[in-house]
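Peer 1: my questions concern the predicted model and sequence given below.
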Amino acid sequence: MSSRLRSPLLRVLLSAVAVAACDHERKDELLLDIGVRENSVERLPDAHVPIPRGDLATIGEVGQWLFLATRGLALAHAQVVERMGEVDRDLVLPLVDIDPAGTSGQVVFIRWPDARGRAVPPTLDEAQRWVLVSLAFGPDRVLDVELLEGGVLPGTVERRRVQAQLVAAKTLQERAGGAAFYTVDRFQTEPTGLKRKPQRLATVIHAIAQGDQGPDFELAIDEPRKGKQRRDEPPLVVRELAIHARGALAVDPVVTTLPDPHPITVMRAMQAARALHVRAASGDYEIAADGTVTRTGASP
């Protein structure tokens, strides 16, 4: 059992791009202690499929999940960072899980002690499981804060998630250096175009700028490398979408070259607590403050 976090001297610094979340829990086992029960990448939690073209209900649902995930991150950040202060020498990566009903969740903080500012990037073997924050929504509140222990073990779902987040962070620095992101992950099947293996199980990263005006991205990270000698080699970014350019959300309508509105745009409408009008390649849409997506007109 992990001991309860009591000392006000324990502190954490969030890396600018390393903030992560997902809804990877099994439908029949809510809020598993990630990396303890799920200890093989061959037994991943339920994977999602790409959203079908024109499926506005699913676009809205994924956007609502993203909104809950970022609320969970804000709750955990307030509990750990704002109450306990900051330590400049540590890097910390939060992983958030939301239960299927959207009423509770948890954030597991992964830590690299004394790693901030080092010339050599931190490795997976140096990562430590540090703090778990249990959450409830409606009203939003922190239920419990506990200390964890041990490393991020090879072959675990947790290690795969952390590795994907590190790959995404590097790409985001290249695409939008200086911007800070919340990065929210979920497993999703992706086509490969190969007959031998037509699908891969990618880790899809929704990268949401911490400001309200973007930029926002979606990245798909390939499966981990096979074999003991290659398992810690960084996987490839196999798909990349620019959802909102910096400042795009300040324009009415919000213009996107994507066929349909994106779940991140839904999350942005809910975050702003107001309706957004979107002009996508397939036509005009309205996203209500509750995340409902409605088609309002054909392509101009």
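Peer 2: Received, thanks.
Peer 1: residues in contact with the closest residue to Asp290 other than its chain neighbours?
Peer 2: Closest residue in space to Asp290, ignoring its immediate chain neighbours: Met270 at 7.1 Å, by Cβ to Cβ, 6 or more residues apart in numbering. (Each C-beta comes from the backbone N, C-alpha and C, glycine too.) Applying Cβ atoms under 8 Å, 6 or more residues apart in numbering to Met270 gives the contacts Gly63, Gln64, Phe67, Ala289, Asp290, Gly291.
Peer 1: can you list phi and psi of the fifth one for me?
Peer 2: This means Asp290. Backbone torsions for Asp290, taken as degrees, to the nearest 10, come to phi -90, psi 0.
Peer 1: do you know how far it is from Leu75?
Peer 2: Separation of Asp290 from Leu75 (Cβ to Cβ, to the nearest Å) stands at 20 Å.
Peer 1: what about the two, which has more around it?
Peer 2: Per other Cβ atoms under 10 Å, whichever of Asp290 and Leu75 has more neighbours is Leu75, with 21 against 13.
Peer 1: from Lys226, how far out is the more buried one?
Peer 2: 37 Å.
Peer 1: quickly find the element holding the residue nearest the centre of the chain.
Peer 2: Nearest to the mean C-alpha position of the chain, by Cα atoms, centre = their mean, lies Val184 at 0.9 Å. Taking DSSP states H and E as the criterion, Val184 maps to strand 181-191.
Peer 1: kindly export that strand (C-alpha atoms) in CSV.
Peer 2: Output of strand 181-191 as CSV, limited to C-alpha atoms (Å, rounded to 0.1, in the frame of the first residue of the first chain):
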residue,chain,number,x,y,z
PHE,A,181,0.6,22.0,-23.8
TYR,A,182,-1.7,19.6,-22.0
THR,A,183,-1.2,16.3,-23.8
VAL,A,184,-4.1,13.8,-23.5
ASP,A,185,-3.5,10.3,-24.8
ARG,A,186,-5.7,7.3,-25.8
PHE,A,187,-5.1,4.1,-27.7
GLN,A,188,-6.6,3.9,-31.2
THR,A,189,-6.3,1.6,-34.1
GLU,A,190,-4.7,3.2,-37.2
PRO,A,191,-4.4,1.9,-40.7
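Peer 1: packing partners for it?
Peer 2: strand 20-21, helix 56-77, helix 157-175, strand 199-209, strand 216-221 (3 or more Cβ pairs under 8 Å, 6 or more residues apart in numbering; DSSP states H and E).
Peer 1: dump those to TSV, plus mean pLDDT and distance to Arg279.
Peer 2: Shown next, in TSV, are those (pLDDT from 0 to 100; distance: least, Cβ to Cβ, whole Å):
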stretch	mean pLDDT	distance to Arg279
strand 20-21	40	28
helix 56-77	94	15
helix 157-175	93	23
strand 199-209	93	21
strand 216-221	97	16
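Peer 1: list the buried residues of stretch 278-295.
Peer 2: Val278, Arg279, Ala280, Gly283, Asp284, Tyr285, Glu286, Ile287, Gly291, Thr292, Val293 (16 or more other Cβ atoms under 10 Å).
Peer 1: please disregard the earlier target; I meant stretch 247-265.
Peer 2: Ala248, Leu249, Val254, Thr256, Asp260, Pro261, His262, Pro263, Ile264, Thr265.
Peer 1: stretch 55-69 now?
Peer 2: Across stretch 55-69, burial judged by 16+ other Cβ under 10 Å covers 56, 58-69.
Peer 1: likewise stretch 215-235?
Peer 2: Neighbour-count burial for stretch 215-235 flags Pro215, Asp216, Phe217, Glu218, Leu219, Ala220, Ile221, Asp222, Glu223, Pro224, Arg231, Pro235 (criterion: 16+ other Cβ under 10 Å).
Peer 1: will you turn these into JSON lines that also has distance to Ala209?
Peer 2: Listed next are those as JSON lines, based on distance: Cβ to Cβ, whole Å:
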{"residue": "Pro215", "distance to Ala209": "6"}
{"residue": "Asp216", "distance to Ala209": "6"}
{"residue": "Phe217", "distance to Ala209": "9"}
{"residue": "Glu218", "distance to Ala209": "13"}
{"residue": "Leu219", "distance to Ala209": "14"}
{"residue": "Ala220", "distance to Ala209": "19"}
{"residue": "Ile221", "distance to Ala209": "19"}
{"residue": "Asp222", "distance to Ala209": "24"}
{"residue": "Glu223", "distance to Ala209": "27"}
{"residue": "Pro224", "distance to Ala209": "27"}
{"residue": "Arg231", "distance to Ala209": "32"}
{"residue": "Pro235", "distance to Ala209": "24"}
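Peer 1: pull the most distant pair out of those residues.
Peer 2: Spatial extent of the buried residues of stretch 215-235 (Cβ to Cβ) is set by the pair Pro215 and Arg231 at 31.9 Å.
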